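# Next come a sequence and a model predicted from it.
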Amino acid sequence: MLIVQKFGGSSVANVERVFNVAKRIIETYKQGNDVVVVLSAQGDTTDELIAKAHEIDLHPSRREMDMLISTGEQISVALMAMAIQKLGYPAVSLNAFQVGMYTNTTHSNARLKKIHTERIEAELDRKNIVLVTGFQGINKFDDITTLGRSGSDTTAVALAAALKADKCEIYTDVDGVYTADPRVVKDARKLKEISYDEMLELASLGAKVLHNRSVEIAKKYNVELVVRSSLNNAEGTVVKEVCNMEKMLVSGVAGDKNVARISVIGVEDTPGKAFELFSLLAKHKISVDIILQSIGRDGTKDISFTVDRDDLHDALKLIKENQERLTAKDVVYSDKIAKVSIVGAGMATNPGVAAMMFEAMYNAGINIHMISTSEVKISVLIDEKYTEDAMNAIHEQFRLAIER
Ligand code: ADP
Ligand code: ASP
Ligand code: MG
């Protein structure tokens, strides 16, 4: 069998853990499998590298940022190769350039376009355990790109798809996918399985156990994923196409603090204003999430929306530069907000789910600033300081701790 395994940063944080993971990899190899391993940067390395950059410039060039933060993964694969070799087994480390892992040119949030498999296959033919840097890619100019925070998951799933691997195992520091972040909601329950669609929503809404794009790729190429712990042998969670016929009303709760809200105030109440505003942001590759427009009054209206916090600075700058053209009287923002969401494939056919969620917020005394719904999710925007309380209240309201 060809198996792709991915180990996250905490799983390789120190020498002891590196050897622990090395032994697990060797176990799989000794069973006669071809093994390709994707690693993240050790522990908090990526955060530390970002902090180093910020000592120099709070808004450094994205190209140089990628050059810097991609180094963490290279350290991990080299150290892991050494550990495996030290234990007497053959291993080779490769970075994105050596593999030929091509992305588009969007620095710091690049998308994989094509992965060459020849080098990896040649190394597997030589009976090597192959260690590949997660998170990084190269663009058509041979510059290094990165796939966005948590991007190593995406590297692993994309590699599994490209190599037509039999299995893709994501090893992390929790036993699997839970009904909510187990660090926030103490009685969160581990799910045996979850559908691609629900996992994709949870991941996109802040459950950082998997990078959302990794789930997108898994669904597209039908890569069955297992999320499990690198520290024990517990069974883990399978992410796959369809689970139960009877869809779960709510399968999980997610919180996301990487949110900022911008309000463009007093815009002329004429056609085309929303178009102008959002096409301006789109042109600069700034994604917008929840949008709320007030009804026109006295010939003007307000448009509020949310962006990733990392995009706040750029978005504000753009809007201020174009304030006159947008006919905005004022631009205000807040970065002390968070988004809390519920996800469930059964929601679409069950009225009253939204009301139940809002009741939980009311009972907890938490004010809702904005709401957004779709067939499979409901999100509310609240003050950041209430994130954990809100997640617990909602988890309790839908009795997610109890198995059904
Ligand atoms: P890694 O370094 O292995 O990639 P991450 O820190 O990126 O690990 O992701 C694992 C973390 O995701 C867990 O420690 C947990 O706190 C968090 N998490 C958030 N939501 C969930 C969830 N629904 N189920 C499991 N873990 C979750
Ligand atoms: N090291 C990168 C990060 O911290 C990628 C990853 O961990 O998946 O975001
Ligand atoms: Mg991760």
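Perfect, thanks for sending it. Ligands and ions are numbered 1, 2, ... in the order given.

# Look up the closest residue to Lys208, ignoring the ones flanking it.
In space, Lys208 comes closest to Ser150 once its chain neighbours are excluded; the distance is 5.7 Å by C-beta to C-beta, 6 or more residues apart in numbering. For the C-beta atoms, the positions are set from N, CA and C on the backbone; glycine is no exception.

# Just to check, Val259 is in contact with Asp308?
Yes: Val259 lies in contact with Asp308 (C-beta atoms under 8 Å); the separation is 7.2 Å.

# Of these two, give the one with the bigger neighbour count.
Using other C-beta atoms under 10 Å, the more surrounded residue of Val259 and Asp308 is Val259, with 25 against 18.

# Counting neighbours, which bits of the helix or strand harbouring that one end up buried?
Assigned by DSSP states H and E, Val259 belongs to strand 252-268. Going by neighbour count (16 or more other C-beta atoms under 10 Å), the buried part of strand 252-268 is 252-256, 258-264, 267.

# and the stretch 1-150 of the chain, which residues reach ligand 1?
Within reach of ligand 1 by C-beta under 6 Å from any ligand atom, the stretch 1-150 of the chain has these residues: Gly8, Gly9, Ser10, Ser11, Ser40, Ser150.

# Of the residues you listed, which pair is most distant in space?
Pairwise distances among these were taken by C-beta to C-beta; the largest, 13.7 Å, belongs to Ser11 and Ser150.

# Could I get the pLDDT score of Arg309?
Arg309 is assigned a pLDDT of 95 by the prediction.

# list the contacts for it?
By C-beta atoms under 8 Å, 6 or more residues apart in numbering, the contact list for Arg309 reads Lys257, Asn258, Val259, Ala260, Asp335.

# Same question for Val209.
Thr172, Val174, Val177, Tyr178, Asp181, Ala203, Val227 are the contacts of Val209 under C-beta under 8 Å, 6+ apart.

# quick one: which of the residues you listed sit in strands?
Thr172, Val227 (DSSP state E).

# Which ones among the contacts of Val209 lie within helices?
Using DSSP state H, Ala203 are the members of these that sit in helices.

# Asn139: neighbouring residues, count only.
18.

# Look at the closest residue in space to Asn222 that isn't next to it in sequence and say how many residues are nearby.
In space, and not counting its chain neighbours, Asn222 is closest to Glu241: 7.1 Å by C-beta to C-beta, 6+ apart. Counted by other C-beta under 10 Å, the residues lying close to Glu241 total 11.

# Just give the number of residues close to Ser374.
The number of residues near Ser374, taken as other C-beta under 10 Å, comes to 11.

# which stretches of this protein have low pLDDT?
243-247, 404 (pLDDT under 70).

# and the residue nearest to Glu268 when sequence neighbours are not counted, what does it touch?
Using C-beta to C-beta, 6+ apart and skipping residues adjacent in sequence, the residue nearest Glu268 is Thr327, 4.1 Å away. Going by C-beta under 8 Å, 6+ apart, Thr327 touches Gly266, Val267, Glu268, Lys273.

# Let's verify Thr327: helix, strand, or coil?
With DSSP: H, G, I helix; E, B strand; the rest coil as the basis, Thr327 sits in coil.

# That one and Gln293, how far apart?
Shown here: Thr327 relative to Gln293, a distance of 14 Å by C-beta to C-beta, to the nearest Å.

# CA-only coordinates of stretch 378-386 in CSV, if you can.
Provided in CSV are the C-alpha atoms of stretch 378-386 (Å, rounded to 0.1, in the frame of the first residue of the first chain):
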residue,chain,number,x,y,z
ILE,A,378,-25.7,29.3,10.8
SER,A,379,-23.1,31.9,11.9
VAL,A,380,-23.4,34.7,14.4
LEU,A,381,-20.9,37.5,14.9
ILE,A,382,-20.3,38.4,18.5
ASP,A,383,-17.8,40.2,20.8
GLU,A,384,-14.6,38.2,20.8
LYS,A,385,-14.5,37.9,24.6
TYR,A,386,-17.7,35.8,24.6
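
# And the contacts of it?
Contacts for stretch 378-386 (C-beta under 8 Å, 6+ apart): 205, 257, 259, 261, 290, 306, 336-342, 347, 353-354, 357-358, 361, 364, 366-373, 390.

# so what's the closest residue to ligand 3 within the chain up against?
Distances between the chain and ligand 3 by C-beta to the ion are smallest at Ser150, namely 4.0 Å. By C-beta under 8 Å, 6+ apart, the contact set of Ser150 is Lys208, Leu210, His211.

# Just the element for Val380, please.
Using DSSP H and E, Val380 maps to strand 377-383.
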